[in-house]
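Novice: Have a look at this fold, sequence not included:
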């Protein structure tokens, strides 16, 4: 493992680290590893970069391992191992002189500098999508269920999960520190908790639920509270090897073993630890527990099986068959379903998309996965879900505004009555998922998916802007439902003031004409567009203002107005509530703390619109890279694969 230390004279925040003394693979080339201060680069990544540098043309100055947020439930090491499975051809060429966020292996004699914008080299670079450089201080994205990338593809290290069902930020923070140290001790440690405070971390937290434990298949679960100790055996029922360790507050011996003798054993519980237990104590305990005996015996063969053993191999399925059925849905929901269906097809699923006009029963299918939207009031809903549950088929309900009672925020009675069936609810926003966490039905938050065709359009629309005198400011006026008029007025007043200062500034409003703020109505440099723009028009924007309503952030989960301009590098000014909804201020460029303060909007608009050409170009590149990581095809594909993986898992009694 290579970790950044002190900065060198090559630039602020950068360092040149000699590649580790590992044997070079045939054709590999050694070089200087330039790592941002404090970042981590696994030895596996260094070896891959050396192989890439050896196979690339000599005019390539270096190859870069890009930085990216970790998927929920994964460690920086397991994520690097998953990425390393990609072929060596998984590379992108990076524009000369443009900064890139990551660590680079540079050829001998090539100098690189690292600043806040990233690594900059006087020469062409290649980005290796099969490698990863980890920033341990990068704010984690909103926690979700652990997914397909949670476990390492090479499962020889023990997996330990610190499980906290009750909310305890202090306990979660201590678990995060212990998990970091265990990872350094060659143990794959994770934290499954609701509230994990920000800090240095070598892994991404995940939600404490059965889905996360099924994905992680832990060898040891450390229960941090009584609720976790009670639920963990149920969540791990399918694993015969998982054992439990109870964490108890107070003083006492760091580790106390629980007898597993017949007549004295306490189920899966094998040890208790106190706050005095160090990472090395837990590591030693883990190595002892994984050696056995296991809490459940292997399944015996039938008595009449005889001496011959028949090995049945599951046929390889090229794809899963899925059907998306929709009733009466609004435009935002329809667009979201189109993107979901197209992304499922992109990862190999066979998708049928249909509209239900009468009773649901006549349109039901026997496909492995059925997605329903806008059909919670449809006759026959429960019958269809019950039949599919009995047949071992997966059913998902995509939540729409009509599925949530406005006054209480609870599910409608029709949906709540399905809690005894095998069903999941797709939440369009993390805020809605948290609101419905006590509904009794498993929830899955599907982040905003951009349609693959739209992603391709936006990618081809990216250009290097040359005219920095003619400025264009975009503003989506948003939904009329639950509109905060004070925020709208503050933004409009600020734009009017800045437009008077900058006579070359044009303003493009997206929305209905009758929702135009009074301060901008009739302005000669303000244009109104009833619908969204093409990618090439968005590429002309210098910046955008994003003021979604609570209805859009929570109920609809409509974040495309943020991600589409960001995909072409447009900087965004938004409220703190909007920044939090998309995963924190780290994903938004400029955040207004008091949305009703016109002065704050004015200052931030002047800052963004007053940037020099080089700063503006660097910011655009940084935004495009960041958006590619969180909303690009790879990120969208991972989200959909997690959904398909749940649909493909064997059901009981099937």
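Specialist: Looks like it arrived, so ask away. If you're wondering where the values come from, they're calculated on a predicted model, not measured in any experiment.

Novice: For the stretch 201-350 of the chain, give me the ranges with low pLDDT.
Specialist: When the per-residue scores of the stretch 201-350 of the chain are filtered using pLDDT under 70, the ranges that remain are 262-264, 299-319.

Novice: switch to 90 and redo it
Specialist: Within the stretch 201-350 of the chain, the segments meeting pLDDT under 90 span 210-211, 214-215, 236-240, 248-253, 258-268, 291-350.

Novice: residue boundaries of the strands in it?
Specialist: In the stretch 201-350 of the chain, the strands defined using DSSP state E, counting those that start in this stretch lie at 220-223, 243-247, 255-257, 269-273, 321-326, 350-355.

Novice: Out of those, the one nearest residue 421 is which?
Specialist: Between residue 421 and the strands of the stretch 201-350 of the chain, the shortest separation by C-beta to C-beta is 16.8 Å, and it involves strand 321-326. Glycine gets a C-beta too; all of them are placed from N, C-alpha and C.

Novice: Measure how whatever helix or strand residue 397 lives in sits relative to strand 321-326, angle-wise.
Specialist: In this assignment (DSSP states H and E), residue 397 forms part of strand 394-398. Strand 394-398 and strand 321-326 meet at an angle of 30 degrees, taking axes from the mean of the first three to the mean of the last three C-alpha atoms, to 10 degrees as the criterion.

Novice: So for residue 559, which of the strands of the stretch 201-350 of the chain sits nearest?
Specialist: Shortest distance between residue 559 and these, using C-beta to C-beta, is found for strand 321-326: 20.2 Å.

Novice: Can you list the strands that the closest one pairs with?
Specialist: When sheet partners are counted by DSSP bridges, strand 321-326 sits next to strand 350-355 (parallel), strand 369-373 (parallel).

Novice: Turn those strands into TSV, including mean neighbour count.
Specialist: Output for the strands paired with strand 321-326, formatted as TSV (neighbours: other C-beta atoms under 10 Å):
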stretch	mean neighbour count
strand 350-355	14
strand 369-373	24
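
Novice: quick one on the thing from earlier: which neighbouring elements make contact with the strand holding residue 397?
Specialist: Contact analysis of strand 394-398 by 3 or more C-beta pairs under 8 Å, 6 or more residues apart in numbering; DSSP states H and E lists helix 331-346, strand 369-373, helix 381-390, strand 423-427, helix 633-648 as its packing neighbours.

Novice: quick check: angle from that strand to helix 331-346?
Specialist: Using the same axes, to 10 degrees, strand 394-398 lies at 150 degrees relative to helix 331-346.

Novice: Show the subsequent helix or strand relative to strand 394-398.
Specialist: Secondary structure here is assigned by DSSP H and E; on that basis, the next helix or strand after strand 394-398 toward the C-terminus is helix 413-416.

Novice: what's that next one in contact with?
Specialist: The set of residues external to helix 413-416 that reach it, using C-beta atoms under 8 Å, 6 or more residues apart in numbering, is 376, 377, 381, 382, 397, 403, 410, 425, 439, 440, 441.

Novice: Return the most buried member of the helices and strands packed on strand 394-398.
Specialist: Compared across those, strand 369-373 shows the largest average neighbour count, a mean of 24 (mean count of other C-beta atoms under 10 Å).

Novice: thought residue 166 was touching residue 225?
Specialist: Yes. Between residue 166 and residue 225 a contact is recorded at 4.3 Å, counting by C-beta atoms under 8 Å.

Novice: Looking at these two now, which is surrounded by more residues?
Specialist: Higher neighbour count among residue 166 and residue 225: residue 225, with 20 against 13, using other C-beta atoms under 10 Å.

Novice: Just to be sure, residue 93 is in a helix?
Specialist: No. Secondary structure assignment (DSSP: H, G, I helix; E, B strand; the rest coil) places residue 93 in strand, not in a helix.

Novice: how about the single longest helix found in the chain: buried residues?
Specialist: When the chain is parsed with DSSP state H, its longest helix is helix 613-631. Residues 616-631 are the ones in helix 613-631 that count as buried (16 or more other C-beta atoms under 10 Å).

Novice: Show me the one of the strands of the stretch 201-350 of the chain that comes nearest residue 609.
Specialist: By C-beta to C-beta (comparing all of these), the closest turns out to be strand 321-326, at 41.3 Å.

Novice: ok and that closest one relative to helix 381-390, angle-wise?
Specialist: Between the axis of strand 321-326 and that of helix 381-390 there is an angle of 170 degrees, by the same axes, to 10 degrees.

Novice: burial count for the closest residue to residue 106 other than its chain neighbours?
Specialist: Residue nearest to residue 106 in three dimensions, not counting chain neighbours: residue 62, with 3.7 Å by C-beta to C-beta, 6 or more residues apart in numbering. Counted with other C-beta under 10 Å, the neighbours of residue 62 add up to 25.

Novice: Tell me the bridge partners for residue 62.
Specialist: For residue 62, the residues forming beta bridges with it (DSSP bridges) are residue 106, residue 125.

Novice: any idea whether residue 174 is helix, strand or coil?
Specialist: helix.

Novice: same for the longest helix of the chain, what does it pack against?
Specialist: Here helix 613-631 touches helix 560-567, strand 571-575, going by 3+ C-beta pairs under 8 Å, 6+ apart.

Novice: Rounded mean pLDDT for it, please.
Specialist: Confidence over helix 613-631, taken as the mean pLDDT, stands at 81.

Novice: Let the chain start at 549 from now.
Specialist: In the new count, where the first residue is 549, that last one comes out as helix 1161-1179.

Novice: Now do the contacts for residue 1150.
Specialist: Taking C-beta under 8 Å, 6+ apart, we find residue 1150 in contact with 1042, 1045, 1046.

Novice: which intervals of the stretch 1049-1198 of the chain have sub-threshold pLDDT?
Specialist: Counting by pLDDT under 90, the stretch 1049-1198 of the chain has low-confidence residues at 1049-1054, 1056-1090, 1094-1143, 1151-1198.

Novice: One more pass at 80, please.
Specialist: Scanning the stretch 1049-1198 of the chain for pLDDT under 80 picks out 1059-1063, 1077-1085, 1097-1106, 1127-1138, 1159-1164, 1178-1179, 1183, 1194, 1196-1198.

Novice: nearest to residue 1138, of the helices and strands packed on strand 942-946?
Specialist: Set against residue 1138 and scored by C-beta to C-beta, the helices and strands packed on strand 942-946 come closest in helix 1181-1196, at 23.1 Å.

Novice: can you list the weak-confidence ranges in the stretch 899-1048 of the chain?
Specialist: Counting by pLDDT under 80, the stretch 899-1048 of the chain has low-confidence residues at 904-913, 925, 949-950, 952-957, 976-983, 985-987, 992-996, 1009-1018, 1025-1031.

Novice: Mind listing the residues bridging to the nearest residue to residue 723 once chain neighbours are set aside?
Specialist: Nearest residue to residue 723 in three dimensions, chain neighbours excluded: residue 710, at 3.8 Å (C-beta to C-beta, 6+ apart). Assessed by DSSP bridges, residue 710 has beta-bridge partners residue 739, residue 770.

Novice: Sort out which residues of stretch 787-804 are buried, please.
Specialist: For stretch 787-804, burial by neighbour count (16+ other C-beta under 10 Å) applies to 787, 789, 790, 791, 792, 793, 794, 795, 796, 803.

Novice: And for the third one, nearest residue in space, chain neighbours not counted?
Specialist: In other words, residue 790. If the residues on either side of it in the chain are set aside, residue 790 comes closest to residue 784, at 4.2 Å by C-beta to C-beta, 6+ apart.

Novice: likewise the first one?
Specialist: With C-beta to C-beta, 6+ apart as the measure, residue 765 is the residue that lies nearest to residue 787, at 5.9 Å, once sequence neighbours are left out.

Novice: ok, now the fourth one?
Specialist: Closest residue to residue 791 in three dimensions, ignoring its sequence neighbours and counting by C-beta to C-beta, 6+ apart: residue 818, at 4.4 Å.
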